[in-house]
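> Predicted structure and sequence below. I'll ask about it afterward.
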Amino acid sequence: MDTYSFLRQFADSWMLLAMTLGFVGIVLYAFRPGSKPLHDDAAAVIFRNDKRPVGEAADDQASRNFKEA
């Protein structure tokens with residue numbers, strides 16, 4: 001059996017099974033019980049150093065300009 005046929009047979013059988021099990025394992029790891037706080041923390045990391053939202057700062061600046069005019 002030449003190398004191409006061997007690799008083709010391996011990819012069609014065992015590699016498909018390995019990739020399917022890997023995918024299922026990753027999905028189960030991501031949705032495991034108790035991981036919600038970790039995911040929420042990772043989602044909020046970009047907002048940690050903000051003093052206030054950008055929208056409020058823009059509204060304050062616009063209202064100051066309006067009052068002065």
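Sure, I can see it.
> Now stretch 51-65: average pLDDT?
For stretch 51-65, mean pLDDT rounds to 60.
> Stretch 22-39 now?
Computed over stretch 22-39, the average pLDDT equals 92.
> secondary structure element for S5?
Using DSSP states H and E, S5 sits within helix 3-10.
> Distance from the chain centre to the next helix or strand after that helix, please.
Following helix 3-10 in sequence order, the next helix or strand is helix 16-30 (DSSP H and E). Its chain's C-alpha centre and that of helix 16-30 lie 17 Å apart, by Cα atoms, centre = their mean, to the nearest Å.
> What angle do helix 3-10 and helix 16-30 make with each other?
Angle of helix 16-30 versus helix 3-10, following axes from the mean of the first three to the mean of the last three Cα atoms, to 10 degrees, is 50 degrees.
> Give the other helices and strands that helix 16-30 contacts.
Packed against helix 16-30 by the contact rule (3 or more Cβ pairs under 8 Å, 6 or more residues apart in numbering; DSSP states H and E) you find no helix or strand. Heads up, the C-betas are built off the backbone N, CA and C, glycines and all.
> ok, and what's touching that helix?
Contacts with helix 16-30, where a contact means Cβ atoms under 8 Å, 6 or more residues apart in numbering, come from S35.
> and the helix or strand following that helix, C-alpha only, in CSV?
Going down the chain from helix 16-30, the next helix or strand is helix 36-44, by DSSP H and E. Extracted in CSV, the C-alpha atoms of helix 36-44 (Å, rounded to 0.1, in the frame of the first residue of the first chain):
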residue,chain,number,x,y,z
LYS,A,36,-20.5,31.4,33.0
PRO,A,37,-18.6,33.7,35.4
LEU,A,38,-15.4,33.1,33.5
HIS,A,39,-17.1,33.9,30.1
ASP,A,40,-18.8,37.0,31.6
ASP,A,41,-15.5,38.2,32.9
ALA,A,42,-13.7,37.7,29.6
ALA,A,43,-16.6,39.5,27.8
ALA,A,44,-16.3,42.5,30.2
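> Which other helices and strands does helix 36-44 contact?
Judged by 3+ Cβ pairs under 8 Å, 6+ apart, helix 36-44 is in contact with no other helix or strand.
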